[in-house]
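1. Sequence isn't available, so here's the structure alone:
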């Protein structure tokens, strides 16, 4: 893995001066600090769209701010079955919705595929707590949302911050698809995916030996309609990956 992880023992004594949803973040162990890898702005996302074509910017990577290319940094802190995640994006497209995704479909050391979202059938799911699944389902079946659980907006200077508390361990954990309500699961089966299941699914973590995938965390923009579409990224433009 090109980015570096911080061993918990080496940083256990780190002093932290802010709070997390009423719980002192000092009780969380720092796990990761990394720069996200920039996705080629001329390359197609899985929906077939590019940053250059849909969002604009310069082909030399300087994007919207002269010679300052877009950059993003990731931090994670973990304690038991909870994880706090923070992503800071700089020099992105101003006043634009971005969403963050977690890979749940990968390959084992023999090249055999495993996982995938049991709800949507996709290879990734929104990076959001399991408690957000019902709203994400409604956004997927409906018209979408300008304020999705896994989203953030950039300001007029192209800076945006994504911060979320997950009710599961991001590193070495599973995504709790079982937290979806029976009503929402039925809605998915009727309207989107008749084979949908509420099954916890392993996260594709590059720190797990023998596990591989195109990314663990991905950041995309929604320059085309300015909306998040729940459990599916829909039409989007890929900006950053963490491998």
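-> Yep, it's here. Note that the structure is predicted; figures quoted are calculated from it, not measured.
2. For this structure, which helix or strand comes out least confident on mean pLDDT?
-> Taking mean pLDDT, DSSP states H and E as the measure, helix 8-11 is the helix or strand of the chain with the lowest mean score, a mean of 31.
3. Quick one: the helices in this protein, in order.
-> Using DSSP state H, the helices assigned to the chain run over residues 8-11, 51-55, 133-141, 182-191.
4. now for those, which one comes closest to residue 238?
-> helix 51-55 (7.4 Å; Cβ to Cβ). C-beta coordinates here come from the backbone N, C-alpha and C atoms, glycine included.
5. Tell me the gap between the closest one and the middle of its chain.
-> 20 Å (Cα atoms, centre = their mean, to the nearest Å).
6. Number of residues surrounding residue 159?
-> 14 (other Cβ atoms under 10 Å).
7. From here on, call the first residue 56.
-> Shifting the count to begin at 56 puts that one at residue 214.
8. so what pLDDT did the closest residue to it other than its chain neighbours get?
-> Using Cβ to Cβ, 6 or more residues apart in numbering and skipping the chain neighbours, the partner closest in space to residue 214 is residue 145 (5.4 Å). The per-residue pLDDT reported for residue 145 equals 95.
9. Spit out the contact partners of residue 145.
-> 123, 125-127, 213-214 (Cβ atoms under 8 Å, 6 or more residues apart in numbering).
10. One more: residue 275?
-> Listed by Cβ under 8 Å, 6+ apart, the contact set of residue 275 reads 100, 153-154, 156, 288, 291-294.
11. just curious, which of these is nearest to residue 278?
-> Using Cβ to Cβ, those come closest to residue 278 at residue 292, 5.8 Å.
12. The closest one and residue 232, how far apart?
-> 26 Å (Cβ to Cβ, to the nearest Å).
13. Residue 262 too?
-> For residue 262, the distance to residue 232 - Cβ to Cβ - is 22 Å.
14. if we can go back for a sec, who has more neighbours out of residue 292 and residue 232?
-> The neighbour count for residue 292 versus residue 232, taken as other Cβ under 10 Å, is higher for residue 292 (26 against 22).
15. give the contact list for that one.
-> 100, 104-106, 109-110, 275-279.
16. Dump those into CSV; add distance to residue 253 and pLDDT as well.
-> Formatted as CSV, these follow (distance: Cβ to Cβ, whole Å; pLDDT from 0 to 100):
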residue, distance to residue 253, pLDDT
100, 28, 96
104, 31, 97
105, 35, 95
106, 34, 94
109, 34, 95
110, 35, 94
275, 25, 98
276, 30, 98
277, 27, 98
278, 33, 97
279, 31, 97
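17. what ranges of the protein fall below the confidence cut-off?
-> Within the chain, the segments meeting pLDDT under 70 span 56-81, 114-117, 120-122, 264.
18. let's go with 50 and repeat that
-> Within the chain, the set of residues satisfying pLDDT under 50 comprises 56-74, 76-77.
19. and the residue lying closest to residue 135 once chain neighbours are set aside, how many residues sit next to it?
-> Excluding its sequence neighbours, the residue lying closest to residue 135 (Cβ to Cβ, 6+ apart) is residue 224, at 7.5 Å. Per other Cβ under 10 Å, the neighbour tally for residue 224 reads 17.
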